[in-house]
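Asks: here's my sequence, what's the structure:
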Amino acid sequence: MVGFLAQRIVKGIVVLLAIVVLNFFLIRLAPGDPALVMAGEAGAGDEAFIAQLREKFALDQPLPRQLAAYLGSIATLDLGYSVRQQMPVATLIGERLPATLLLTGTAFAVSLSLGVLLGSLAARRAGTLADTAITGLALLFYATPLFWVSLMAIILFSVRLDWLPSFGFETVGAGYTGLARALDIAHHLVLPAMTLGLFFMAVYVRMTRSSMLEVSRLDFVKTARAKGLTEGVIQRRHILRNALLPVVTLAGLQAGTLVGGAVLTETVFAWPGIGRLMYEALLQRDYNLLLGVFVVSSAMVLVFNLVTDVVYRAVDPRIEVA
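Replies: Next comes the predicted model:
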């Protein structure tokens with residue numbers, strides 16, 4: 001196990017290095033100049049001031065030299081300095097990352113638990129009205145754009161019914177502390193977490209259903225029935241457990257992408273996470289901040305992939321870690 005983890009960590013570092021280099025050049029090739037944006041906001045558009053800004057933030061250096069300097073700072077765990085926010089990138093991401101982890105972690109837990117539960121029910125009732133209703137609902141949530149579901153949820157639950165807050169992380173100016181603050185944050189979390197989780201829940205429903213139906217046709221399931229085991233035991237211990245491997249694979253991939261993939265949800269609900277931070281950095285041409293978010297998101301994807309490989313062993317002991 002130790003050798004396997006060490007090998008995967010080394011491979012992950014190589015992959016992360018390639019991602020950093022690729023993102024560096026892609027961002028530099030994008031249209032727009034941060035010096036021009038900053039000069040325009042300062043109301044000084046003369047060439048001397050723009051040249052001074054480029055020199056101050058090393059934007060006048062050749063791209064290979066800029067890349068070498070950035071890789072050197074990454075090697076020392078320094079993500080650079082945000083020229084727009086006037087703060088270290090690591091500080092900005094550290095302030096926003098907990099909100100994103102809270103949102104995506106809740107959405108992931110909701111989507112995975114509901115997806116496996118409804119998928120199992122659909123597989124057990126295959127061909128019935130319940131199966132048709134569950135798969136149809138899953139297809140509806142999968143096909144509907146996430147931003148539209150978010151807006152409709154705001155209109156229904158916030159504007160019409162006034163049950164839930166429509167935006168923000170917590171009530172501004174309320175001054176809640178302790179349990180009251182935790183409940184206030186949970187109240188604000190319901191809408192964004194549910195709308196984000198419904199999309200991924202639809203994927204898990206269809207994956208669980210198809211995987212369970214495939215496993216249910218195998219010989220060992222027929223043997224279990226011939227032994228006289230109850231249908232509930234067969235479904236839980238024999239079919240579901242063997243059908244979870246594809247679901248675990250998909251969940252591991254999506255858990256990593258959720259960390260940096262909640263841009264739409266965070267923007268619509270004004271949730272102060274790194275997805276919204278990345279969107280703001282893109283609009284402001286804040287290269288260092290944008291690259292920092294990409295590095296953290298990529299590292300999280302690699303970590304979740306490694307965790308998924310380890311979870312395989314717990315789900316199916318027959319899998320050897322090598």
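
Asks: and the pLDDT for the residue nearest to Leu218 when sequence neighbours are not counted?
Replies: Among residues not flanking Leu218 along the chain, Asn242 sits closest, at 7.9 Å (Cβ to Cβ, 6 or more residues apart in numbering). Where C-beta positions appear, they are placed from N, C-alpha and C, glycine not excepted. With respect to pLDDT, Asn242 scores 77.

Asks: over to Leu137?
Replies: Per the predicted model, pLDDT is 87 at Leu137.

Asks: cool, and the one 4 residues further on?
Replies: You'll see Phe141 listed with a pLDDT of 85.

Asks: identify the residues contacting it.
Replies: Phe141 makes contact with Val149, Leu198, Phe199, Met201, Ala202, according to Cβ atoms under 8 Å, 6 or more residues apart in numbering.

Asks: what is the mean pLDDT for stretch 298-306?
Replies: In this model, stretch 298-306 has a mean pLDDT of 81.

Asks: which parts of that stretch are buried?
Replies: By 16 or more other Cβ atoms under 10 Å, the buried positions in stretch 298-306 come out as Ser298, Ala299, Met300, Val301, Leu302, Phe304, Asn305, Leu306.

Asks: just give the closest residue to the second one, not the sequence neighbours.
Replies: With Cβ to Cβ, 6+ apart as the measure, Leu16 is the residue that lies nearest to Ala299, at 6.1 Å, once sequence neighbours are left out.

Asks: do I have it right that Tyr81 meets Val89?
Replies: Yes. The pair Tyr81 / Val89 is scored as a contact, 6.6 Å apart, by Cβ atoms under 8 Å.

Asks: can you list residues touching both of those two?
Replies: Asn288.

Asks: ok so, going back, just flag the most distant two among the contacts of Phe141.
Replies: Maximum pairwise distance in these, criterion Cβ to Cβ, is 11.8 Å, between Val149 and Met201.

Asks: the two: who's more crowded?
Replies: Remark: of Val149 and Met201, Met201 carries more neighbours, 26 against 20, as counted by other Cβ atoms under 10 Å.

Asks: so who does the residue nearest to the more buried one when sequence neighbours are not counted touch?
Replies: The spatially closest residue to Met201, leaving aside those adjacent along the chain, is Ser111, at 4.0 Å (Cβ to Cβ, 6+ apart). Residues near Ser111 by Cβ under 8 Å, 6+ apart: Leu196, Gly197, Leu198, Phe199, Phe200, Met201, Val203, Tyr204.

Asks: how about JSON lines for the residues you listed, with distance to Leu121, pLDDT and secondary structure added?
Replies: Shown next, in JSON lines, are the contacts of Ser111 (distance: Cβ to Cβ, whole Å; pLDDT from 0 to 100; DSSP: H, G, I helix; E, B strand; the rest coil):
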{"residue": "Leu196", "distance to Leu121": "23", "pLDDT": "84", "secondary structure": "helix"}
{"residue": "Gly197", "distance to Leu121": "18", "pLDDT": "85", "secondary structure": "helix"}
{"residue": "Leu198", "distance to Leu121": "17", "pLDDT": "85", "secondary structure": "helix"}
{"residue": "Phe199", "distance to Leu121": "20", "pLDDT": "81", "secondary structure": "helix"}
{"residue": "Phe200", "distance to Leu121": "18", "pLDDT": "83", "secondary structure": "helix"}
{"residue": "Met201", "distance to Leu121": "13", "pLDDT": "87", "secondary structure": "helix"}
{"residue": "Val203", "distance to Leu121": "16", "pLDDT": "86", "secondary structure": "helix"}
{"residue": "Tyr204", "distance to Leu121": "13", "pLDDT": "88", "secondary structure": "helix"}
